[in-house]
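Asks: Just need the structure, nothing else, for what follows:
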Amino acid sequence: MKLNPKKITASAAAMIATVATVAALTLSSAGAFAADKDMHEDRAQQRIANMHVRLSITPAQEAQWKVVADVMRENGKVMDQLTQQRVDKSKEMNAVDDLKSYAAITDAHADGLHKLIPAFAVLYSSMSDIQKKQADTMFKHGENGRVSNKSADKAGGK
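Replies: The predicted model follows:
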């Protein structure tokens with residue numbers, strides 16, 4: 001049996017479209033966002049408090065920390081605004097609008113990271129070796145400092 005490249009390409013495109021549609025439908029559940037209109041801001045505030053303690057921010061680092069915390073708060077505010085817009089418009093959105101809305105949220109998340117990186121880099125450069133090690137662990141292993149399953153599998157040689 002000879003494979004037809006056009007059929008393979010069409011099949012791949014159909015599969016990608018199906019996966020994108022399922023992802024959009026899964027992520028568009030308005031109920032998930034409607035529960036707490038300030039969910040991202042609240043979560044940012046919790047992370048700020050948690051990180052401040054875990055990183056043992058010193059009085060000398062407070063000015064740099066404030067910049068980091070302000071960026072995190074602003075990022076949370078932007079995400080809350082976008083997710084609320086998504087909820088508010090969810091009944092009128094068609095599939096294309098839904099994908100565009102999700103893309104806007106994804107873009108805002110990436111933009112927020114790009115704003116956070118230089119602010120955090122300044123703070124990081126002022127940290128002691130112990131603080132840097134803690135920051136490295138937090139960012140490498142997630143907020144709770146636990147290794148993800150993939151990392152654990154690699155560490156265990158699986």
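Asks: contacts for stretch 67-81?
Replies: Stretch 67-81 is contacted from outside by 37-45, 47-48, 52, 105, 108-109, 111-112, 115-116, 119-120, 122-123, using CB atoms under 8 Å, 6 or more residues apart in numbering. Every residue, glycine included, has its C-beta placed from N, CA and C.
Asks: Give me the buried positions along it.
Replies: 68-69, 71-72, 75-76, 78-80 (16 or more other CB atoms under 10 Å).
Asks: Could you list the low-pLDDT ranges of this structure?
Replies: Residues of the chain meeting the criterion pLDDT under 70: 1-37, 142-158.
Asks: For it, which segments are assigned as helices?
Replies: Using DSSP state H, the helices of the chain run over 5-27, 30-34, 39-54, 62-89, 95-125, 129-141, 149-155.
Asks: Kindly export the third one (C-alpha atoms) in CSV.
Replies: Taking only C-alpha atoms (Å, rounded to 0.1, in the frame of the first residue of the first chain), the coordinates of helix 39-54 have been written out as CSV:
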residue,chain,number,x,y,z
MET,A,39,-8.7,34.8,41.2
HIS,A,40,-5.4,35.7,39.5
GLU,A,41,-4.9,38.8,41.7
ASP,A,42,-5.6,36.7,44.8
ARG,A,43,-3.3,34.0,43.7
ALA,A,44,-0.6,36.5,42.9
GLN,A,45,-0.9,38.0,46.4
GLN,A,46,-0.5,34.5,47.9
ARG,A,47,2.5,33.9,45.8
ILE,A,48,4.1,37.2,46.7
ALA,A,49,3.6,36.5,50.4
ASN,A,50,4.9,32.9,50.1
MET,A,51,7.9,33.9,48.0
HIS,A,52,8.8,36.7,50.3
VAL,A,53,9.1,34.3,53.2
ARG,A,54,10.7,31.4,51.3
